[in-house]
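# fold the following and give me the result.
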Amino acid sequence: MEAAAAAMSTSLRYSKTLSSPIFLSRSSSSSFSNKARCFHFLSFSVPILAKTFKTHQPIHRQSTKTPLLTVRSCSQVTANPSSDTHKKPIELNPDDKLRALRKLFSKPGIGIDAYIIPSQDAHQSEFIAECFMRRTYISGFTGSAGTAVVTKDKAALWTDGRYFLQAEKQLAPRWILMRAGNYGVPTTAEWLNDVLAPGCRIGIDPFLFSSDAAEELKVEISKKNHELVYLHSINLVDEIWKETRPKPPMKPVRLHDLKYAGVDVKSKLSSLRSELTVAGASAIVISMLDEVAWLLNLRGNDVPHSPVMYAYLIVEIGGAKLFIDNSKVTPEVMAHLKDAGVQLRPYEAILSEIESLAAQGAQIWFDTSSVNTAIVNTYRSACDKYLQKVVRKNKNGASEQINGRTAGPTGVYRVSPISMTKAVKNKAELEGMQNSHLRDAAALSQFWAWLEEEISKNVVLTEVDVADKLLEFREKQYGFMDTSFDTISGSGANGAIIHYKPEPESCCVVDAENLFLLDSGAQYIDGTTDITRTVHFGEPTSRQKECFTRVLQGHIALDQAVFPENTPGFVLDAFARSSLWKVGLDYRHGTGHGVGAALNVHEGPQSISFRFGNMTPLQKGMVVSNEPGYYEDHSFGIRIEVRILLLLKR
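Sure, this is the predicted structure:
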């Protein structure tokens, strides 16, 4: 480990001739003493000597007098016919959008005083298809995390520390920026309770809120006698977006080869059904897109940078149903699903199926932290109908009892059993991650050598030019599919914007006078990468050198950490910050996130973060990032990131 740390320090120190990134390297394999038995340590995940990773579908409109039996379908996004493509739709300006939205508040069947627009889709995804970016459309803020709230006379946006500078630049003057997490900044519910008179109606689209989030919001706003209004049949942003809305994703689903997946679908479903039996459930609803993809060994193209497809999956003891747009399913995928005993159903039929299962007395397992409240409420309403029917049939007018409880369907509310299983990688997944990281490192080495040479020749290169060139090198690597997120290519002050995305019309030049931060990653057929380096091709200031050194010290401290089994990630977060804390510095993001195996670049449930509410234990086989940083607003940014694999030492 000492050798690895020394190598890291050497290759990352500031110099005029920095030409290559750090490779993920093998940690020391020296044995621990008996006192260290059953302790984890963090290690670089890829050995060098190996072979050469809370949008929903638009709705079927329906009468409020009939039961809700359909879910909004991706395929129903309004799009212009090809004959009209020459007619460019008129885009509303920010103020016009707010006026149009507020005008809908007073329409019959709506009648609300405020409307909440979250970032998520119906599957609580972090990254979503463009046609579901409703919060971005209404606010102008393009960051991946945030919540917009519009009242009759105010508009506010909440986002976290990663996006403060970005939101400052993108929000129109009439918007209030709420820096979530800062002292004295109210939550959305607290703010609504403060700015609205008691007894108001607050509208939400129930497909865009998890059941837990909706229940929490309902409780908080009830303190001022506000009512939470579920607008099932209409999304107000969609109503004003109209023909300018992007087309829905319709690309085909593909198979994820067993040699990369490691476990076949039948085995995965069998293990899941065993979990259902133990929990006393007869079915489970799976709505997280990466969980659906992982369980069925499928990958999609519906979300930029994330190889997932919009779908729900219901697994029962005796079968399984995939709810997806059938046009995305190729004959090869159809045969694959049929062999695993998975039937196809239209995406829009998910709520009808929930009602049908409840009518049959099914005990359905829901992870209420991710399943949207439209689905959960549909099940609960159907359960109530079932019990009323039982009571009517009972001659004595009382409900039947079985083992001391009312007969009929009841929900099983637990964390998804797939989440942890997916996070702990199997042998094939780890091998794919290692191999993809090695190919990615080769592309990065070529890139850094090219960039250093170009800058030494005083070639003018913008942040976009640099990001595009890196993509060229990655595209030449075997199995490259896509980038795993928008490349963060930030020179000078732009490096302080934690999730900065350069735009051609406004980006800066990369030169020898400023720090340059590059955070990038790729999706390969066998793995997912995410790596950050901060370099200077000239002479950094003494302040920049000190800050970089302290970030590096924190990076190494976390890499060398030894800790007991089942330790949650928040316990380790201070290892990466302690050197910065000693001089009064810090950074506004978590230190580590899980990484999917040829899946989402950000994967739960584990994390290494100051957000101590995440009690998920770190386990052998998990892959997480190690990425401390430091940012001086409007000056420079520093981040150092690699993937690390949790191992067990005895």
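# low-confidence ranges, the stretch 401-550 of the chain, go.
401-408 (pLDDT under 70).
# please, where are all the strands along it?
Assigned by DSSP state E, counting those that start in this stretch, the stretch 401-550 of the chain shows strands spanning 401-402, 405-406, 412-413, 461-462, 480-483, 488-491, 509-510, 516-520, 522-524, 531-535.
# and the third one, what does it pack against?
Meaning strand 412-413. Packing contacts for strand 412-413, counted by 3 or more C-beta pairs under 8 Å, 6 or more residues apart in numbering; DSSP states H and E, involve strand 364-366. In this view, the C-beta of every residue, glycine as well, is placed from N, C-alpha and C.
# buried sites along the following helix or strand past the strand it packs on?
Downstream of strand 364-366, the first helix or strand assigned by DSSP states H and E is helix 373-393. Using 16 or more other C-beta atoms under 10 Å as the test for burial, helix 373-393 gives 373-380, 382-383, 386-387, 390.
# and helix 373-393, what does it pack onto?
For helix 373-393, the packing partners by 3+ C-beta pairs under 8 Å, 6+ apart come out as helix 211-221, strand 227-230, helix 350-359, strand 364-366.
# winner for burial among those?
strand 364-366 (a mean of 25; mean count of other C-beta atoms under 10 Å).
# show me what it is packed against.
strand 283-286, helix 350-359, helix 373-393, strand 412-413.
# what about Ala261, neighbour count?
Residues lying near Ala261 (other C-beta atoms under 10 Å) number 23.
# what sits closest to it if chain neighbours are left out?
Nearest residue to Ala261 in three dimensions, chain neighbours excluded: Asn297, at 4.6 Å (C-beta to C-beta, 6 or more residues apart in numbering).
# verify the stated contact: that neighbour with Lys259.
No. The criterion here is C-beta atoms under 8 Å, and Asn297 misses it with Lys259 at 10.8 Å.
# and those two? Which one has more around it.
A count of neighbours by other C-beta under 10 Å puts Asn297 above the other of Asn297 and Lys259, at 20 against 10.
# can you tell me which residues contact the nearest residue to Asn566 once chain neighbours are set aside?
Leaving aside its sequence neighbours, Asn566 sits nearest to Pro617 (C-beta to C-beta, 6+ apart; 3.9 Å). Residues in contact with Pro617 (C-beta atoms under 8 Å, 6 or more residues apart in numbering) are Glu565, Asn566, Thr567, Pro568, Gln606.
# backbone dihedrals for the spatially closest residue to the fourth one that is not a sequence neighbour, both of them.
On the basis of C-beta to C-beta, 6+ apart, the spatially nearest residue to Pro568 that is not a chain neighbour turns out to be Met615, at 4.9 Å. According to degrees, to the nearest 10, the main-chain angles of Met615 amount to phi -100, psi 10.
# now do the contacts for the nearest residue to Thr373 once chain neighbours are set aside.
Spatial nearest neighbour of Thr373, excluding adjacent residues (C-beta to C-beta, 6+ apart): Ala214 at 4.0 Å. Residues counted as contacts of Ala214 (C-beta under 8 Å, 6+ apart) are Ile204, Pro206, Leu228, Tyr230, Thr373.
# just the closest of these to Pro118, please.
For the contacts of Ala214, the closest approach to Pro118 (C-beta to C-beta) belongs to Ile204, at 8.2 Å.
# please list all residues in contact with that closest one.
Residues in contact with Ile204 (C-beta under 8 Å, 6+ apart) are Tyr115, Ile116, Ala214, Leu217, Leu228, Val229, Tyr230, Leu231.
# residues contacting the second one?
Which is Ile116. Per C-beta under 8 Å, 6+ apart, neighbours of Ile116: Thr147, Ala148, Val149, Thr188, Ile202, Gly203, Ile204, Leu217.
# rewinding a little: kindly provide the distance from the residue nearest to Thr373 to Gly604.
In this structure, Ala214 and Gly604 are 20 Å apart, going by C-beta to C-beta, to the nearest Å.
# same question for Pro252.
As judged by C-beta to C-beta, Pro252 and Gly604 stand 27 Å apart.
# neighbour count: those two, which is higher?
Applying other C-beta under 10 Å to Pro252 and Gly604 shows that Gly604 carries more neighbours, namely 21 against 13.
# my read is that the more buried one contacts Lys422, right?
No. In this structure, Gly604 is not within contact of Lys422 by C-beta under 8 Å, at 9.2 Å.
# helix/strand/coil for Ile116?
Under the three-state scheme (DSSP: H, G, I helix; E, B strand; the rest coil), Ile116 adopts strand.
# now do Val624
State at Val624, reduced to three classes by three-state DSSP: strand.
# which residues does it bridge with?
Gly594, Ile644 (DSSP bridges).
# how about Tyr312?
Beta bridges link Tyr312 to Phe323, judged by DSSP bridges.
# count of residues packed around it?
Residues contacting Tyr312 under the criterion other C-beta under 10 Å number 27.
# per-residue pLDDT, it?
At Tyr312, the predicted lDDT confidence score is 98.
# which helix or strand contains the nearest residue to Asp302 once chain neighbours are set aside?
Using C-beta to C-beta, 6+ apart and skipping residues adjacent in sequence, the residue nearest Asp302 is Pro249, 3.9 Å away. Assigned by DSSP H and E, Pro249 belongs to neither a helix nor a strand.
# from Glu291, how far off is Pro249?
19 Å.
# looking at the buried residues of helix 373-393, which is nearest Tyr587?
Checking the buried residues of helix 373-393 against Tyr587 with C-beta to C-beta, the nearest one is Thr373 at 33.8 Å.
# what sits against the closest one?
Thr373 touches Pro206, Phe209, Ser210, Ser211, Ala213, Ala214, Glu215, Tyr230, counting by C-beta under 8 Å, 6+ apart.
# 10 Å instead?
By C-beta atoms under 10 Å, 6 or more residues apart in numbering, the contact list for Thr373 reads 204-215, 217-218, 228, 230, 380.
# off-centre distance for stretch 635-644?
20 Å (C-alpha atoms, centre = their mean, to the nearest Å).
# buried stuff in it?
For stretch 635-644, by 16+ other C-beta under 10 Å, it's Phe636, Gly637, Ile638, Arg639, Ile640, Glu641, Val642, Arg643, Ile644.
# among the residues you listed, which ones are in strands?
Phe636, Gly637, Ile638, Arg639, Val642, Arg643, Ile644 (DSSP state E).
# with adjacent residues omitted, what lies nearest to the first one?
By the measure of C-beta to C-beta, 6+ apart, the closest residue to Phe636 outside its immediate chain neighbours is Leu515, 4.5 Å from it.
# wait, the one you found touches Cys508, no?
No. Here Leu515 lies out of contact with Cys508, judged by C-beta atoms under 10 Å, at a distance of 11.7 Å.
# more crowded one of these two?
Leu515 (27 against 18).
# and the more buried one, how far is that from Ala493?
Counting by C-beta to C-beta - Leu515 and Ala493 are separated by 10 Å.
# swap in Glu454?
22 Å.
# what is the least confident helix or strand in the protein?
helix 2-12 (a mean of 35; mean pLDDT, DSSP states H and E).
# got the contact list for Asn372?
Counted by C-beta under 10 Å, 6+ apart, Asn372 has contacts 54, 56, 71, 120-124, 205-211, 213-214, 285, 287, 312, 350, 378.
# switch to 6 Å and redo it
With contact set as C-beta atoms under 6 Å, 6 or more residues apart in numbering, Asn372 has these partners: Ala122, Phe207.
# neighbouring contacts of the helix or strand in which Val315 is found?
Here Val315 is covered by strand 312-316, with elements defined by DSSP H and E. Outside of strand 312-316, the residues within contact range by C-beta under 6 Å, 6+ apart are Leu272, Ala283, Ile284, Val285, Ile286, Ser287, Val292, Lys321, Leu322, Phe323, Ile350.
# what of stretch 477-494?
305, 439, 443, 463, 466-467, 474, 500-502, 508, 510, 514, 516-526, 528, 530, 601, 634-635.
# the inter-axis angle of the strand holding Val315 versus helix 373-393?
40 degrees (axes from the mean of the first three to the mean of the last three C-alpha atoms, to 10 degrees).
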